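A.B. asks: Pasting the sequence and the predicted coordinates here, then a few questions.
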Amino acid sequence: MNYEPSTMNQSIPKIILASKSPRRQELLRLMDLDFEVVLKEVDESYPDGLTPQEVAVYIARKKAEAFDQTVGDEVVLTADTIVCVDGLILGKPETPQHAIEMLQILSGKVHLVVTGVCLLYKNKYNSFFDVSEVFFRQMSLEEISSYVEQYNPLDKAGSYGIQERIGLIGIEKIQGSYTNVVGLPTEKLYAQLINLNK
Ligand SMILES: Cc1cn([C@H]2C[C@H](O)[C@@H](COP(=O)(O)OP(=O)(O)OP(=O)(O)O)O2)c(=O)[nH]c1=O
């Protein structure tokens, strides 16, 4: 897949997006960036004792390290999104039942969504992250289970998509970047991309 860049983004190198997430692909498209998707298999485990921010950055960097080196003037972009509530890190649920349990934990609480990003450019790694706070109202078991049944959110950290029904009906407010919750902090990313050659 190849997308044409807008003239405004001409100083930004072509991006190799190493992510199967359709949301990340869509966000780059909406930013009018020139990118291509290249996927690599990566083990997403991480050592104990890291903070949520460190976990997201650690996994994003691991995803970038799957590329031994960059090609020419291209920049490899990887990311990892995790949800953290009451000191507990939630990744993707393993089963629909697990998804229901995660959403019950998030119901009526504030949680953090952390996205770690890694850019590999000219054989140098540049990592950063963003944190958003998401406020869920108390949701009924029926609201949660019908969402899980209909949307099967097994590909989403914390078992929900802010862009899907549960986000639209359950989230009172967020503090911080919306796109960070979807999977890529676009404003911070743009600031890094325009500075790559400086
Ligand atoms: C919290 C939240 C997460 N998500 C998504 C973003 C990520 O795609 C996913 C978290 O899993 P990630 O491991 O960050 O990403 P991924 O497995 O989808 O893609 P890849 O590893 O190839 O880059 O959850 C939403 O779409 N909406 C949300 O509200």
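C.D. replies: Perfect, thanks for sending it.
A.B. asks: Show me the helices in the protein, by range?
C.D. replies: Taking DSSP state H as the test, the helices found in the chain are 22-30, 52-65, 96-106, 141-151, 165-170, 178-182, 186-194.
A.B. asks: Output the ones you listed as JSON lines; include the columns mean neighbour count.
C.D. replies: Heads up, the C-betas are built off the backbone N, CA and C, glycines and all. Below are the helices of the chain laid out as JSON lines (neighbours: other C-beta atoms under 10 Å):
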{"stretch": "helix 22-30", "mean neighbour count": "17"}
{"stretch": "helix 52-65", "mean neighbour count": "21"}
{"stretch": "helix 96-106", "mean neighbour count": "19"}
{"stretch": "helix 141-151", "mean neighbour count": "16"}
{"stretch": "helix 165-170", "mean neighbour count": "16"}
{"stretch": "helix 178-182", "mean neighbour count": "23"}
{"stretch": "helix 186-194", "mean neighbour count": "16"}
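A.B. asks: got TSV for those helices, with mean pLDDT and distance to the ligand too?
C.D. replies: As requested, the helices of the chain are exported to TSV (pLDDT from 0 to 100; distance: least, C-beta to the nearest ligand atom, whole Å):
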stretch	mean pLDDT	distance to the ligand
helix 22-30	97	5
helix 52-65	97	6
helix 96-106	98	10
helix 141-151	98	11
helix 165-170	96	6
helix 178-182	98	5
helix 186-194	97	13
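A.B. asks: how about residue 156, phi and psi?
C.D. replies: phi -120, psi 130 (degrees, to the nearest 10).
A.B. asks: First-to-last residue distance for stretch 8-23?
C.D. replies: 22 Å (C-alpha to C-alpha, to the nearest Å).
A.B. asks: List the buried residues in that stretch.
C.D. replies: Across stretch 8-23, burial judged by 16 or more other C-beta atoms under 10 Å covers 9, 12-19, 21, 23.
A.B. asks: Now for the residue lying closest to residue 160 once chain neighbours are set aside: which residues touch it?
C.D. replies: Nearest in space to residue 160, with sequence neighbours left out and distances taken as C-beta to C-beta, 6 or more residues apart in numbering, is residue 166 at 4.9 Å. Counting by C-beta atoms under 8 Å, 6 or more residues apart in numbering, residue 166 touches 103, 139, 143-144, 147, 151, 153, 160.
A.B. asks: ok, now with 10 Å
C.D. replies: 103, 106, 136, 139, 143-144, 146-148, 150-151, 153, 159-160 (C-beta atoms under 10 Å, 6 or more residues apart in numbering).
A.B. asks: Pipe the residues you listed into TSV and attach distance to residue 125 per row.
C.D. replies: Supplementary listing: those in TSV, determined by distance: C-beta to C-beta, whole Å:
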residue	distance to residue 125
103	34
106	32
136	34
139	39
143	42
144	39
146	42
147	37
148	36
150	39
151	34
153	30
159	30
160	30
